[in-house]
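Enquirer: Take this sequence and fold it.
(one chain, ligands or ions: 1)
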Amino acid sequence: MTRTFFVGGNWKMNGSKDFIADLSKSFDGQKTDGVGAPFVYLPLLAGVLRKDWSLAAQNCYVKDSGAYTGEISGQMLLDVGTKWVILGHSERRSLFHESDEFVAEKTKYALSKGLKVILCCGELLEEREAGQTQAVVDRQLLAVVKSISPADWKNVVVAYEPVWAIGTGKVATPEQAQEVHAAIRAFLAKNISQAVADETRIIYGGSVTPDNSPVLKGQPDVDGFLVGGASLKPSFLDICNA
Ligand SMILES: O=C(CO)COP(=O)(O)O
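Expert: Numbers count the residues shown, from 1 in each chain. As a prediction, the model looks like this:
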């Protein structure tokens with residue numbers, strides 16, 4: 001069983017045409033797995049990045065087209081060359097009130113279109129302090145387990161992103177990350193199969209930097225990173241190449 005290390009970037013609501021022009025110069029000739037840019041910049045990025053780079057969107061809706069003002073479909077993402085979509089990010093869960101069930105519905109839809117999904121999960125600080133970390137993560141994942149087939153999991157990467165570590169500079173310790181990643185893998189084994197548990201990549205997100213990525217990478221169940229703020233800097237490549 002080998003899991004290929006996966007490093008994705010999540011630009012969130014950042015970037016501009018000038019930024020992309022500058023970044024593409026510093027990324028020239030280098031490779032990473034996924035760049036998660038705002039919708040409007042995906043076609044532009046598709047034109048400037050290396051062909052073996054994958055584009056990721058940060059959300060999608062659950063219909064191909066229709067009267068859903070302001071929404072973007074998985075079909076449209078494919079149309080502009082997007083391969084991945086980040087779903088269930090904590091900012092979408094908290095700011096835009098996305099329920100576990102809605103995230104599961106989006107995951108099912110995106111996979112049915114042929115998109116690959118970076119499925120985010122993670123607990124709030126108060127949930128961790130109340131000893132509820134695993135219960136929260138299990139609840140978030142269980143909704144998806146119920147919605148998609150065991151075979152679908154080959155197109156899912158699970159991103160464990162403790163909310164208290166996102167954008168705060170307070171990265172999880174390698175032991176904290178490993179503990180939750182191992183528990184997620186055990187959850188997948190129990191609720192789907194040992195094969196899915198062995199093959200699914202579980203990546204960590206939350207204040208990852210070039211400095212802390214090597215030690216996190218050393219944990220046996222950390223299969224990559226989803227990088228926010230640091231993915232907006234040329235040194236993102238140091239995380240990709242670590
Ligand atoms: O939310 C994240 C990635 O999806 C993590 O963000 P930061 O790396 O900025 O903490």
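Enquirer: which stretch of helix or strand covers the nearest residue to I148 once chain neighbours are set aside?
Expert: Nearest residue to I148 in three dimensions, chain neighbours excluded: K108, at 5.3 Å (Cβ to Cβ, 6 or more residues apart in numbering). Every C-beta, even on glycine, is put in place using the N, C-alpha and C of the backbone. Using DSSP states H and E, K108 sits in helix 100-113.
Enquirer: pLDDT averaged over that helix, what's the number?
Expert: Average pLDDT, helix 100-113: 98.
Enquirer: thinking again about what came up before, how many neighbours does the residue nearest to I148 have?
Expert: Using other Cβ atoms under 10 Å, K108 has 17 neighbouring residues.
Enquirer: and what of V158?
Expert: Burial of V158 is recorded as 26 neighbouring residues (other Cβ under 10 Å).
Enquirer: which residues does it contact?
Expert: By Cβ atoms under 8 Å, 6 or more residues apart in numbering, V158 lies in contact with L119, C121, L141, I184, L188, T200, R201, I202, I203.
Enquirer: and if you look at Y41?
Expert: Contacts of Y41 (Cβ under 8 Å, 6+ apart): G15, K17, I20.
Enquirer: C-alpha coordinates for the helix or strand where the last one lies, CSV please?
Expert: Read that as I20. Assessed by DSSP H and E, I20 sits inside helix 17-26. What follows is helix 17-26, C-alpha atoms only, in CSV (Å, rounded to 0.1, in the frame of the first residue of the first chain):
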residue,chain,number,x,y,z
LYS,A,17,-4.6,38.8,-12.5
ASP,A,18,-1.3,40.5,-11.5
PHE,A,19,-0.8,38.1,-8.7
ILE,A,20,-1.2,35.1,-11.0
ALA,A,21,1.2,36.6,-13.5
ASP,A,22,3.8,37.0,-10.8
LEU,A,23,3.2,33.6,-9.3
SER,A,24,3.3,31.8,-12.5
LYS,A,25,6.9,33.2,-13.0
SER,A,26,8.1,31.9,-9.7
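Enquirer: my guess is V117 is in a strand, correct?
Expert: Yes: according to DSSP: H, G, I helix; E, B strand; the rest coil, V117 belongs to a strand.
Enquirer: mind listing the strands for this structure?
Expert: 6-10, 34-36, 54-57, 84-87, 116-121, 156-160, 202-205, 224-227 (DSSP state E).
Enquirer: average pLDDT for the first one?
Expert: Over the span of strand 6-10, the pLDDT mean works out to 95.
Enquirer: Mind listing the strands it pairs with, and their directions?
Expert: strand 34-36 (parallel), strand 224-227 (parallel) (DSSP bridges).
Enquirer: Residue of the chain nearest the ligand, please.
Expert: G228 (2.1 Å; Cβ to the nearest ligand atom).
Enquirer: if you count residues, which helix in this protein comes out on top?
Expert: Ranked by residue count under DSSP state H, the longest helix found in the chain is helix 174-191.
Enquirer: ok, is that one in contact with the ligand or not?
Expert: No: counting by Cβ under 6 Å from any ligand atom, the ligand has no neighbours in helix 174-191; the shortest distance is 12.9 Å.
Enquirer: between that helix and strand 156-160, how big is the angle?
Expert: Put simply, helix 174-191 runs at 140 degrees to strand 156-160, going by axes from the mean of the first three to the mean of the last three Cα atoms, to 10 degrees.
Enquirer: Any of the contacts of Y41 buried? List them.
Expert: G15, I20 (16 or more other Cβ atoms under 10 Å).
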